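In: Mind folding the following:
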Amino acid sequence: MGIYSAGADTARPVKPRCEVPLRDSELPIRLAGLLERLSGPSPVIGVVGLGYVGLPLCVELAGTGAQVYGLDISESLCAALNAGRSHVGDVSDSALAGAVAAGFRASTDAVCVERCDAVIICVPTPLRKTKDPDISYIIAAGQSVAAHARAGQLIVLESTTYPGTTQEILVPMLKERGLTPGEDIAVAFSPERVDPGNPRYGIRNTPKVVGGVTPACTLAAEALYRRCCDTVFPVSSPAAAETVKLLENTFRMVNIGLVNEFALVCRRLGLDVWEIIDAASTKPFGFMTFKPGPGLGGHCIPVDPHYLAWKLRAHGFTTRFVELADAVNSAMPEHVVSVVGDALNHAERSVKGSRILALGVAYKPDISDVRESPAIEVLSLLHGRGARLSYSDPYVPSLKLDSGIMHSVVLDAQALREADAVVVLTDHRSYDWELVLKEARVIVDARNATARARAVAPELASKVWAI
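Out: Got it, this is the predicted structure:
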């Protein structure tokens, strides 16, 4: 008997999770030996895209004895990587140098794909201005890989995308080369789960989800990732694996949207949202802590749910939670600017002409990543209202806005005193919050970063405006 999912109108069979019962000797003849090579001492593995996902994967795989080729379109980046200079915060120069010594090589020449036992595609998947998926990087990478692919290989897509991309985009490219997935070549999807700057979870101890086009493809993907991941979890198809990532980040987007709306609710009610969250967090079951802020940032959470929404629109379905959460989260930068205006009005100043110092422009603490950072939107809105802007971020020495290039300033007592208002947008641990509280005239704290400093000096707490 199958497993059934009850929907509003019909009950449809759901494929059970793939158990991958095959052994290497039972694989199709053109894939025979692939598992042995991938599990062996020195397989050849290619990684396409050497950003925050691809480069850490290269280093981890090189540490297992694999011969790793990294592919990227930037010649200058490849030259820097081959010289042991990392551009990714989670990969130190020394770790990269170790990978280079172990045989890692970065290149712009896709011909090396021909030598690989497995190729992993880790290219960006941004949104267009209309919030529709931009899969042009996947298409370009897929075409480049397919042009050099051969029988007996494993091709894995890791780039976050909408359900069906692997089957609808990558598989036809390989079939045009005469390579049938599951027979001539193994094809799978495995969502990246990189959390930049996370000191606790990395590639090795973060479980890896894999879904192949056939059970043989899934088995090959399992063999590959067991080299560098302690836990590998197979699912029934690439589409299932693609949807796993979208659920993970939609869950976070919706709950952040909820707590951001709660911040607005508490402000209307004259309550401290952070006190409410702290108290609710004492419940040992049925509650998970999320924190409000100036908006969503990073490549994943603000972007991935829109891939799901876009796909579902083609099926006549509206993802209402996604759209509502997006509306709430997208409005937070404007809300922060409104609070800045209120704070300055209270000090008998206007936003126009005021000197405003932003603390932090990275999308989260202790990293240099500014992708989709809400700080950029906040600064742009303040600039549009005539504010005189500066920022301090120890991880981001310069920042490009539509209005021009800004450069980080040293955060000291003088910089704090000279500002009419200080806006906390990223709560880097290196900031001296007691100094900020002491020297700043007015603080708009979008991250509750000054909480401990306020507890030490409660007489200064009136300087701080929460969002």
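
In: Could you check the pLDDT of residue 107?
Out: Note for residue 107: predicted pLDDT of 97.

In: hey, what's it bridged with?
Out: On the basis of DSSP bridges, residue 107 is bridged to residue 71.

In: Numbering from 4 from now on, please.
Out: Sounds good: first residue 4 from here, last item residue 110.

In: what's the distance between it and residue 231?
Out: Per C-beta to C-beta, to the nearest Å, residue 110 is found 21 Å from residue 231. Backbone N, C-alpha and C define where each C-beta goes, glycine included.

In: neighbour-wise, which of the two wins?
Out: residue 231 (21 against 17; other C-beta atoms under 10 Å).

In: Need the nearest residue in space to the more buried one, chain neighbours excluded.
Out: Distances taken as C-beta to C-beta, 6 or more residues apart in numbering put residue 63 closest to residue 231, at 4.5 Å, once the chain neighbours are dropped.

In: Doesn't the one you found lie inside a strand?
Out: No. Residue 63 is assigned helix when assessed by DSSP: H, G, I helix; E, B strand; the rest coil, not a strand.

In: Identify the residues contacting it.
Out: Neighbouring residues of residue 63 by C-beta atoms under 8 Å, 6 or more residues apart in numbering: 205-207, 231.

In: Would you tell me which one of those comes nearest to residue 427?
Out: Looking at the contacts of residue 63 and their distance to residue 427, the nearest is residue 205, at 28.4 Å (C-beta to C-beta).

In: any idea which element the closest one lies in?
Out: Per DSSP states H and E: residue 205 is located in neither a helix nor a strand.

In: isn't it right up against residue 94?
Out: No. Using C-beta atoms under 8 Å, residue 205 makes no contact with residue 94, being 10.4 Å away.

In: Could you point out the longest helix of this structure?
Out: The single longest helix within the chain, with elements called by DSSP state H, is helix 241-272.

In: So which elements touch it?
Out: If contacts are counted by 3 or more C-beta pairs under 8 Å, 6 or more residues apart in numbering; DSSP states H and E, helix 241-272 sits against strand 189-192, strand 211-215, helix 276-283, helix 307-316, helix 323-333.

In: Which other helices and strands does the longest one contact?
Out: Spelled out, that is helix 323-333. By 3+ C-beta pairs under 8 Å, 6+ apart, helix 323-333 packs against helix 241-272, helix 307-316.

In: Could you pull out the buried residues of the first one?
Out: Buried residues in helix 241-272, counted by 16 or more other C-beta atoms under 10 Å: 241-249, 251-253, 255-257, 259-260, 262-267, 269-270.

In: Report the contact partners of residue 183.
Out: Neighbours of residue 183 in contact, by C-beta under 8 Å, 6+ apart: residue 177.

In: what's the answer for residue 424, then?
Out: Contacts of residue 424 by C-beta under 8 Å, 6+ apart are 343, 346-347, 350, 357-360, 443-447.

In: With residue 372 instead?
Out: Applying C-beta under 8 Å, 6+ apart, the residues near residue 372 are 55, 92, 199-200, 301, 365-366.

In: Show me which positions of stretch 441-450 end up buried.
Out: Buried residues in stretch 441-450, counted by 16+ other C-beta under 10 Å: 442-450.

In: My error: substitute stretch 282-295 in the last question.
Out: By neighbour count with 16+ other C-beta under 10 Å, stretch 282-295 contains the buried residues 293, 295.

In: which other residues reach that stretch?
Out: Contact partners of stretch 282-295, identified using C-beta under 8 Å, 6+ apart, comprise 255, 258-259, 261-263, 265-266, 276, 280, 335, 450-451, 470.

In: Find the nearest non-adjacent residue to residue 127, please.
Out: Using C-beta to C-beta, 6+ apart, the closest residue to residue 127 is residue 140 (5.2 Å).

In: Determine the three-state secondary structure at that neighbour.
Out: Three-state call for residue 140 (three-state DSSP): helix.

In: Please work out how many residues are found near it.
Out: Residue 140, neighbours per other C-beta under 10 Å, totals 18.

In: And for residue 377?
Out: 23.

In: so it touches residue 428, yeah?
Out: Yes. At 7.1 Å, residue 377 and residue 428 qualify as touching, with contact defined as C-beta under 8 Å.

In: Give me the common contacts of those two.
Out: 297, 339.

In: Now do the phi/psi pair for the closest residue to residue 229 other than its chain neighbours.
Out: Distances taken as C-beta to C-beta, 6+ apart put residue 235 closest to residue 229, at 5.5 Å, once the chain neighbours are dropped. The phi/psi pair for residue 235 (degrees, to the nearest 10) reads phi -120, psi 130.
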